[in-house]
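Visitor: I would like the atomic coordinates for the input below:
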Amino acid sequence: MRRRILLQGFVAGFLHACGLRPAPAMPTATVAPVPQLSMTVVNAAPVTTHQLVEVVATVAPAPPDRFDVAGNDLWVQAVHAQQTLRVPLFWYQAGADGATAPPGEWRGRVQLALPGTWQLTVHHGARVSTAHTLTVAAHATARGVIRTVARGFAYADDTPFLPIGLNLGWSTQRGTAVLDDYARWFARLAANGGNVARIWMASWAFGIEWDDTPLGDYTARLPQAWLLDEVLRLAEQHGVMIMLCFINHGAFSQTTNAEWDANPYNQANGGPLRTPGAFVTDPTARALFARRVRYIGARYAAFPALWCWEWWNEVNWTPIVDTDLAPWLSEMRDVLASVDPYQHAVTSSWANMGATTLWQTAPLDFVQHHTYQNDDLVRTLNAARIPVKVVLKTKPLLVSEVGLDTGGVNVPSAVEFVHLYNAVWAPIFLGMAGSGLYWWWDTWVDPTNQWGVFAGIRACLRDHDYRTMRPFTATLAHAVVLGLKNDATVLVWIRHADYTARAAMQAGAQLTTLPADWRHQCVMAEWQTVTLRGLSDATYAVTIVDTLTATITATSDCQVSAGQVTLPVPPFVNAVAFQLVRK
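Guide: Below you'll find the model as predicted:
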């Protein structure tokens, strides 16, 4: 090193003696990144209709804000002779552990509904990548996105969709163990005829923005986002459709499951809001949530297992008033539509029924009811229909949360099961759009293996278009008789009058010691008859179904004359179902 310094000194001295100055040092050049825009399709061939197609994009120079879906002007375009889709790209990182995850990348997801040739390109402003040609084959069974139709639901090809399932809101596991839970739950649900689940993007589960993230920066929550990716993939494998809820009430509540003190929107935590009620009116908060909606829509809208979006769980536990909520619902619906070209159904929920005016006026595709009580669900759910009769002429009603007690399962399992059974059967036969979605999935339904409750309702309604059926009632001594009918099919559910949770509690309380295998059994010991009226005259094939085991117990024929028929009802325990199919 000393020899180099001496040489430098000699050269400088020589130049000075000659009256010359050394040349100034050349500035270090900043090398601009080579502009690049290209894409790779992740999917292996063959690709079929209504499949998730995923692309990885290389973008240089990259947008500076990875989560500004609207401002980045970065999207994937899929062009077919009959359709064009444009979907924003989003920032993606694989893995449930952010510390060990591989580097992130830009991804885009599309669901292609038409068979044939598609041209896929990635766009960044005016720049366009080289096109990728994708040949899509028609899938034999995929039916497309679920829509609301009259008082029910149907796939894009008009195949009826009857929601039967429960809440699977979150897993208490950590990391990839979350996926073990969902794989087990989905498998057991599907094996017993269930096809829907409701999941929350709560702070402790799949939420992508909370106190560990700066507002609008979801980097720290990319592991949760990846887990939700994988949950949706598992749901698709098992044929389970997901209602995805954006916001749980506690995040903006100071009274009920309150999380406001930890909420990053709280001014005390550096956020823009002094009070939680301002969330839907404050311009900064609305812009930040719209940013989150765009990211969620870009990331999840193309998943085939996505059934619908839900804005709020039980928003009336927050101080947000309906007059402020209404314009927010309209604004966010437009934001979501900009990143969901498939136009999935959108809903929201209130504790109990909430304000009926918003069910009519807000851009919500179906109505939700939540109920926790120990009365006969046939009676309470029928009463719940009264405030929304006008809405029900145009929108489906779903009982999307139901339980015996908001505090947990605090009664013998056999009592809780009676309520679960009624929650599955009663809503459908009262003319609602699906089974009730029970709560307590992880603390009771799964640990005590109550999954079989769904098999009977699926067996009874399989292959019948319930959307065209009208509810009716009939009379039978000491029983509840509910039916559904159209010109071709009549379905009848007969339940013992005492097969309710309240009666089960009373029966259990009369026992000094409750045996471990005790069940609430309501026996209809004698043959009876039931007369059904308002039917179409014809000969019908009659099938009697055990509602608990889903087995056929008897078959016969009957003749409907002058619009009515009298059927013999055999002795039964708890409940029985009849199917009458026109011959």
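Visitor: Residue 127: neighbouring residues, count only.
Guide: Neighbour count for residue 127, taken as other CB atoms under 10 Å: 13. All C-beta spots, glycine's among them, are computed from the backbone N, C-alpha and C.
Visitor: where does the residue positioned nearest the centre of the chain land on pLDDT?
Guide: The residue lying closest to the centre of the chain (CA atoms, centre = their mean) is residue 243, at 1.3 Å. Confidence at residue 243, expressed as pLDDT, is 98.
Visitor: For it, give me its contacts.
Guide: Shown in contact with residue 243 (CB atoms under 8 Å, 6 or more residues apart in numbering): 196, 197, 198, 199, 307, 308, 309, 310, 347, 400.
Visitor: hmm, try it at 7 Å
Guide: Each residue near residue 243 by CB atoms under 7 Å, 6 or more residues apart in numbering is listed here: 196, 198, 307, 308, 310.
Visitor: Chain neighbours aside, what residue packs nearest to the first one?
Guide: Once its chain neighbours are removed from consideration, residue 196 has its nearest residue in residue 165; the separation is 3.7 Å (CB to CB, 6 or more residues apart in numbering).
Visitor: Same question for the third one.
Guide: Across the structure, with CB to CB, 6+ apart as the measure, the residue nearest residue 307 apart from its sequence neighbours is residue 241 (3.7 Å).
Visitor: same thing with the last one?
Guide: Nearest in space to residue 310, with sequence neighbours left out and distances taken as CB to CB, 6+ apart, is residue 245 at 4.1 Å.
Visitor: In its sheet, which strands sit next to the helix or strand hosting the one you found, and in what direction?
Guide: Element membership for residue 245 (DSSP states H and E) is strand 241-248. Sheet pairing of strand 241-248 (DSSP bridges) gives strand 196-200 (parallel), strand 306-313 (parallel).
Visitor: Of those strands, which is nearest residue 504?
Guide: strand 196-200 (25.9 Å; CB to CB).
Visitor: Contacts for the closest one next, please.
Guide: Applying CB under 7 Å, 6+ apart, the set of residues contacting strand 196-200 is 163-170, 189, 206, 240-245, 248, 307, 313, 400, 437.
Visitor: Now the element after that strand, going C-ward?
Guide: Per DSSP H and E, the helix or strand that comes after strand 196-200 is helix 222-237.
Visitor: Now find how far off-centre that following helix is within its chain.
Guide: Helix 222-237 has its C-alpha centroid displaced from the chain centroid by 12 Å (CA atoms, centre = their mean, to the nearest Å).
Visitor: hang on, the earlier thing: can you give me the neighbour number for the residue nearest to residue 196?
Guide: Other residues lying near residue 165 total 29 when counted by other CB under 10 Å.
Visitor: Pull the contacting residues for it.
Guide: Counting by CB under 7 Å, 6+ apart, residue 165 touches 189, 194, 195, 196, 197, 435, 437.
Visitor: redo that, cut-off 6 Å
Guide: Residue 165 makes contacts with 194, 196, 197, 437, as judged by CB atoms under 6 Å, 6 or more residues apart in numbering.
Visitor: Same list as before, these that is, but in CSV and with neighbour count, distance to residue 320 and pLDDT included.
Guide: As requested, these are exported to CSV (neighbours: other CB atoms under 10 Å; distance: CB to CB, whole Å; pLDDT from 0 to 100):
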residue, neighbour count, distance to residue 320, pLDDT
194, 27, 33, 98
196, 27, 27, 98
197, 27, 26, 98
437, 28, 24, 98
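Visitor: so can I have TSV of those showing distance to residue 500?
Guide: Below are those laid out as TSV (distance: CB to CB, whole Å):
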residue	distance to residue 500
194	23
196	25
197	26
437	19
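Visitor: so which of the residues you listed comes closest to residue 487?
Guide: The closest of these, once distances to residue 487 are taken by CB to CB, is residue 196, at 28.1 Å.
Visitor: Poorly predicted segments of this structure, please.
Guide: Low-confidence segments of the chain (pLDDT under 70): 1-34, 353-356.
Visitor: buried sites along the helix or strand harbouring residue 507?
Guide: Remark: residue 507 resides in helix 501-509, with elements defined by DSSP H and E. Neighbour counts over helix 501-509 (16 or more other CB atoms under 10 Å) mark 501, 502, 503, 504, 505, 507 as buried.
Visitor: of all the contacts of residue 165, which comes closest to residue 107?
Guide: Nearest to residue 107 out of these is residue 197 (CB to CB; 24.7 Å).
Visitor: wait, what's in contact with the closest residue to the closest one other than its chain neighbours?
Guide: The shortest distance from residue 197 to any non-neighbouring residue, by CB to CB, 6+ apart, is to residue 168 (4.1 Å). Counting by CB under 6 Å, 6+ apart, residue 168 touches 185, 197, 441.
Visitor: Dihedrals phi and psi, the first one?
Guide: In other words, residue 185. Main-chain dihedrals, residue 185, degrees, to the nearest 10: phi -60, psi -50.
Visitor: Not counting sequence-adjacent ones, nearest residue to it?
Guide: Per CB to CB, 6+ apart, closest to residue 185 is residue 168, 5.3 Å.
Visitor: Can you give me the distance of the one you found to residue 514?
Guide: Applying CB to CB, to the nearest Å, the value for residue 168 to residue 514 is 29 Å.
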